[in-house]
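>>> based on what follows, work out the 3D shape:
(one chain, ligands or ions: 2)
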Amino acid sequence: MADLPGIVVTGASGRMGQMLVRTIAASGKARLVGCVERAGHGWIGQDIGVAMGGGPLGVAVTDDPLEAFARAQAVIDFTAPAATVEFAALAAQARAVHVIGTTGLEAAHLAKIEAAARHAVVVRAGNMSLGVNLLVRLTQKIAAALDEDWDVEIVEAHHRMKVDAPSGTALMLGRAAAEGRGVDLDAAMDSGRHGITGARQRGAIGIAAVRGGDIVGEHDVIFAADGERVILRHVATDRAIFARGALRAALWGQGAKPGQYDMMDVLGL
Ligand SMILES: NC(=O)C1=CN([C@@H]2O[C@H](COP(=O)(O)OP(=O)(O)OC[C@H]3O[C@@H](n4cnc5c(N)ncnc54)[C@H](O)[C@@H]3O)[C@@H](O)[C@H]2O)C=CC1
Ligand SMILES: O=C(O)C1=N[C@H](C(=O)O)C[C@H](O)C1
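Ligands and ions are numbered 1, 2, ... in the order given. Okay, here's the model as predicted:
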């Protein structure tokens, strides 16, 4: 047991944090060695298992990430952009693999993560599930096969508490469609339509976001032409799919050289 990789979960009280704690504890492939939450959080100092309403897991929640990371071989981080940037520097300092699931990262955040990845392994993906990563590959292939008579529209739906839009997954899918077509997503993307928009621009890649209830995550990629449509769909019904992917990434990263990777690298897709 002691030779299994030790993993720290950041944002341990969150929707994904709790799922990760359960997944790691039950995996038999890794040890949970730390749980981090933001300073002032009510769970600081409590055993994570007890705080989650179950039996003790022998790991107290801390607000000191550096001390926790120093004991770990990997950090799994599904939190928020500002926190993730801070954790990237600290994980690199500790030479721990940093698995980043956080979405809503902007250019300035990504530059800091890139700098950290010069010293340590970073695996980052807007979606860690096998099914979505397959969907990304299919989207790229179909976009490459179809010309601009086929309008690409991506529709994503998530729970009412999600704070960023479009979802990280929708952006992955948009990027894949753009790559398939040989264009730049930033130039082609049309998201958040409202008012007198004018007719659709040929070649645009549309992205729309739905927010409501407890939707775990749903993504449609629609290729619409005159007289026919191709629709690819992924429906997540359980956050365990993301946690399993993240754990797989943390284990895969143990043998990798410093640098930034994604789930395509981990899954060999
Ligand atoms: N890549 C993927 O496969 C997936 C990514 N996500 C992303 O993961 C992120 C988190 O999602 P949820 O768990 O639903 O959110 P959540 O709001 O339930 O959890 C976030 C947690 O991070 C904690 N946190 C924030 N700042 C912190 C700091 N400085 N130090 C320590 N902890 C801090 C919060 O207290 C909270 O417990 C979002 O960006 C979401 O889009 C979610 C599911 C799958
Ligand atoms: O916030 C979420 O919940 C999710 N976020 C990720 C995203 O932004 O795509 C992945 C998943 O869809 C759930």
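>>> so the longest helix seen in the chain, near ligand 1 or not?
Among the elements of the chain assigned as helix by DSSP state H, the one spanning the most residues is helix 130-145. No - for helix 130-145, no contact with ligand 1 is found by C-beta under 6 Å from any ligand atom; the gap never falls below 7.6 Å. C-beta here means a position set from N, CA and C on the backbone, and glycine is covered the same way.
>>> any residue of that helix touching ligand 2?
No - no part of helix 130-145 sits near ligand 2 under the criterion C-beta under 6 Å from any ligand atom; the closest distance found is 7.4 Å.
>>> mind listing the helices for the stretch 51-200 of the chain?
Assigned by DSSP state H, counting those that start in this stretch, the stretch 51-200 of the chain shows helices spanning 65-69, 81-93, 107-116, 130-145, 168-181, 185-188.
>>> relative to G54, which of those helices is closest?
Each of the helices of the stretch 51-200 of the chain was scored for nearness to G54 using C-beta to C-beta, and the closest is helix 65-69 (20.7 Å).
>>> by contact count, what packs against the closest one?
Helices and strands in packing contact with helix 65-69 are listed as strand 6-10, strand 31-36, helix 81-93; criterion 3 or more C-beta pairs under 8 Å, 6 or more residues apart in numbering; DSSP states H and E.
>>> Throw those into TSV and include distance to ligand 1, thanks.
What follows is these, written out as TSV (distance: least, C-beta to the nearest ligand atom, whole Å):
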stretch	distance to ligand 1
strand 6-10	5
strand 31-36	5
helix 81-93	3
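>>> returning to what we had before: out of the helices of the stretch 51-200 of the chain, which one sits most buried?
Of the helices of the stretch 51-200 of the chain, the one with the most neighbours on average (mean count of other C-beta atoms under 10 Å) is helix 168-181, at a mean of 23.
>>> residues in contact with that one?
Counting by C-beta atoms under 8 Å, 6 or more residues apart in numbering, helix 168-181 makes contact with 103-104, 125-127, 132, 135-137, 139-145, 148, 152, 154, 156, 166, 184-185, 188-189, 203, 205, 207, 209, 217, 219, 221, 234, all of which sit outside it.
>>> could you rerun that using 7 Å?
With C-beta atoms under 7 Å, 6 or more residues apart in numbering as the test, helix 168-181 has contacts from 103, 126-127, 132, 135-136, 139-144, 152, 154, 156, 184-185, 188-189, 205, 207, 217, 219, 221.
>>> ok so, going back, possible to save the helices and strands packed on helix 65-69 as TSV with distance to T62?
Below are those laid out as TSV (distance: least, C-beta to C-beta, whole Å):
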stretch	distance to T62
strand 6-10	9
strand 31-36	6
helix 81-93	13
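>>> ligand 2: which of the ones you listed is closest?
For the helices and strands packed on helix 65-69, the distance to ligand 2 is smallest for helix 81-93, at 11.9 Å, taking C-beta to the nearest ligand atom.
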